[in-house]
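Chemist: please work out how this folds:
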Amino acid sequence: MLNVGKIEEGFVLDHIKAGESLAIYHHLQLDKLDCTVAIIKNARSNKMGKKDILKVECDINLLDLDVLAVIDHNITVNVIKDGEIVSKKELFLPKEIRNVFKCKNPRCITSIEQELPHVFVLADEKKEIYRCLYCEEKFNKKNL
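Modeler: Next up, the predicted model:
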């Protein structure tokens with residue numbers, strides 16, 4: 001049995017689809033922070049079969065819940081203080097997301113005008129579809 005120690009302050013991202021923890025690590029820009037991160041891949045799960053878990057010891061305000069919600073709003077976010085879970089954050093799809101993902105359409109104005117922000121708006125909440133604000137290109141989560 002693998003044993004990863006508890007953290008004093010930070011968050012634990014649980015119920016991540018197996019194999020997606022590294023993409024989440026990069027999209028949350030955890031590689032740019034000076035904090036301790038444990039990535040657990042393919043952990044056994046009664047609910048999912050296999051899952052990934054991210055344990056991050058840092059200031060809890062550094063987590064961008066909007067980015068996480070776009071990637072997978074079913075992820076469980078446990079907030080840790082003094083080594084104990086103090087709350088669980090629920091993820092909701094944001095109406096708009098800025099400068100996290102880039103539009104893949106080569107004809108989009110963001111490809112030419114480099115200073116423009118990359119903005120995606122929620123076009124269909126039930127189908128979880130985001131579209132580029134400028135060219136309406138559909139954002140594809142599979143390309144993460």
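Chemist: ok, then the element right after the helix or strand of the chain with the lowest mean pLDDT?
Modeler: Ranked by mean pLDDT, DSSP states H and E, the helix or strand of the chain with the weakest confidence is helix 65-71, at a mean of 87. Stepping forward along the backbone from helix 65-71, the first helix or strand reached (DSSP states H and E) is strand 76-81.
Chemist: ok now that next one, how far from the chain's centre?
Modeler: The chain centre lies 14 Å from the centre of strand 76-81; the measure is Cα atoms, centre = their mean, to the nearest Å.
Chemist: show me what that strand is packed against.
Modeler: The criterion is 3 or more Cβ pairs under 8 Å, 6 or more residues apart in numbering; DSSP states H and E, and the helices and strands that strand 76-81 contacts are strand 10-17, strand 84-89. The way it works is simple: take the backbone N, C-alpha and C, and place the C-beta from them, glycine included.
Chemist: need these in JSON lines (columns: mean neighbour count, distance to Cys135 and mean pLDDT).
Modeler: Below are the helices and strands packed on strand 76-81 laid out as JSON lines (neighbours: other Cβ atoms under 10 Å; distance: least, Cβ to Cβ, whole Å; pLDDT from 0 to 100):
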{"stretch": "strand 10-17", "mean neighbour count": "20", "distance to Cys135": "29", "mean pLDDT": "92"}
{"stretch": "strand 84-89", "mean neighbour count": "12", "distance to Cys135": "32", "mean pLDDT": "91"}
